[in-house]
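[1] missing the sequence, but the structure's below:
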């Protein structure tokens, strides 16, 4: 039984006498908006290595909604060691092992990776002890590039209703197919019975170390080349004709009331003091990255170089819309540029350049005859 609270009040009466009044306070009911913990329990799963995964879980509901908390430990029954893997929290009522009852374990030497549904837990050995990197290949947060690659297969009217933050796609989900720890290549496949037959069956991620090293210490990134090779000819969208990518850099002074015209390169060039200071062109390929450089000078003959990597992505000939995958500076973060018409200039970058000078970069697709 909970103790009852006693409140003592001292009252000063007429004539200087003091009277003490004792009031018993009953416990107040819980505020209806307080957080409430339910379904608190411990889940355990045995791994092929003999170690045990233990999940301490509970669901917390409150005024702002509910969230499931999962705190995952790796335990070794032989020596009694317990190692924190991490917190896997999400806005679902069902617990971690109820959602994913069959975690997969991959071991190579002292390397260990756990795949729990779409969640990947990679163990790193640090001087201060083990550290776990956790990400999900159903989310663009941990494995950048896959969702945008899949969206390149959508027609423009379908693309408008999709979100790059919902993972590969709101209706398409992938599960682990294979993990090659020796070469650090992770392959996932489309879940059985899932919608989205217009999407490739496999996505491939890889980790590449510095200077051709092991790469195990680094996170996986979406590997478009391996993804294309894994899915075969059915999912390669050949170019309907030869296409050139044009790259253009323009600058102009910023004045009070400045407002960019975004994709309208002609209007930007019509500004007072505007000039095209750099341009480049390269023919695209649908099977390999093509590379080009755009070198230009500005003030004191300082040379600037934009390194361009691009590959043809996909075309919707019904609407004359094209997709390419490109990156002007960092080829490890290739991204698609969607809904691009032939002969249409599209802005891909902008920045303040040299104080009050504004710089904009544009690309254009152009058909090569015949």
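    That came through, no problem. Small disclaimer: the values here were computed from a predicted structure and weren't measured.

[2] Please name every helix or strand in contact with the longest helix along the chain.
    In the chain, taking DSSP state H as the definition, the longest helix is helix 224-231. With contacts defined as 3 or more Cβ pairs under 8 Å, 6 or more residues apart in numbering; DSSP states H and E, the packing partners of helix 224-231 are strand 185-190, strand 202-206. Backbone N, C-alpha and C define where each C-beta goes, glycine included.

[3] Quick check: which of the ones you listed has the most neighbours on average?
    strand 202-206 (a mean of 23; mean count of other Cβ atoms under 10 Å).

[4] neighbouring strands for that one, and are they parallel or not?
    strand 185-190 (antiparallel), strand 221-222 (antiparallel) (DSSP bridges).

[5] the helices in the stretch 101-250 of the chain, which residues?
    In the stretch 101-250 of the chain, the helices defined using DSSP state H, counting those that start in this stretch lie at 146-151, 156-159, 224-231.

[6] The ones you listed: lowest mean pLDDT?
    When mean pLDDT is averaged over each of these, helix 156-159 scores lowest at a mean of 47.

[7] So in the chain, which strand runs the longest?
    strand 303-316 (DSSP state E).

[8] Can you give the strand pairings for that strand, parallel or anti for each?
    strand 290-297 (antiparallel), strand 321-327 (antiparallel).

[9] Indicate which one of the ones you listed is closest to residue 42.
    strand 321-327 (45.4 Å; Cβ to Cβ).

[10] Residue 81: which of the helices and strands packed on helix 224-231 is closest?
    Among the helices and strands packed on helix 224-231, strand 185-190 sits nearest to residue 81 (Cβ to Cβ), with 27.1 Å.

[11] Give me the contacts around the closest one.
    Here strand 185-190 makes contact (Cβ atoms under 8 Å, 6 or more residues apart in numbering) with 118, 120, 137, 172-180, 196, 199-206, 220, 223, 226, 230.

[12] Give me the PyMOL select line for the residues you listed, limited to the buried ones.
    Selecting only the buried entries of these in PyMOL, with 16 or more other Cβ atoms under 10 Å as the criterion:
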select buried, resi 118+120+137+172+173+174+175+176+179+196+199+200+202+203+204+205+206+220+223+226+230
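
[13] where does the stretch 251-370 of the chain dip in pLDDT?
    300-301, 316-320, 325, 327-339, 354, 370 (pLDDT under 70).

[14] Residue 360: how many residues sit nearby?
    For residue 360, the neighbour count with other Cβ atoms under 10 Å is 23.

[15] helices or strands up against the helix or strand where it lies?
    If you go by DSSP states H and E, residue 360 is part of strand 357-367. Using 3+ Cβ pairs under 8 Å, 6+ apart, the elements in contact with strand 357-367 are strand 243-253, helix 265-269, strand 321-327, strand 335-341, strand 346-353.

[16] most packed of the strands paired with strand 303-316?
    strand 321-327 (a mean of 21).

[17] low-confidence ranges in the stretch 1-150 of the chain?
    Those would be 1-34, 63-65, 91, 139-145, 147-150, if you go by pLDDT under 70 across the stretch 1-150 of the chain.

[18] if we can go back for a sec, could you dump the helices and strands packed on helix 224-231 into a markdown table with distance to residue 298 and mean pLDDT added?
    A markdown table is the format used below for the helices and strands packed on helix 224-231 (distance: least, Cβ to Cβ, whole Å; pLDDT from 0 to 100):
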| stretch | distance to residue 298 | mean pLDDT |
| --- | --- | --- |
| strand 185-190 | 43 | 89 |
| strand 202-206 | 38 | 87 |
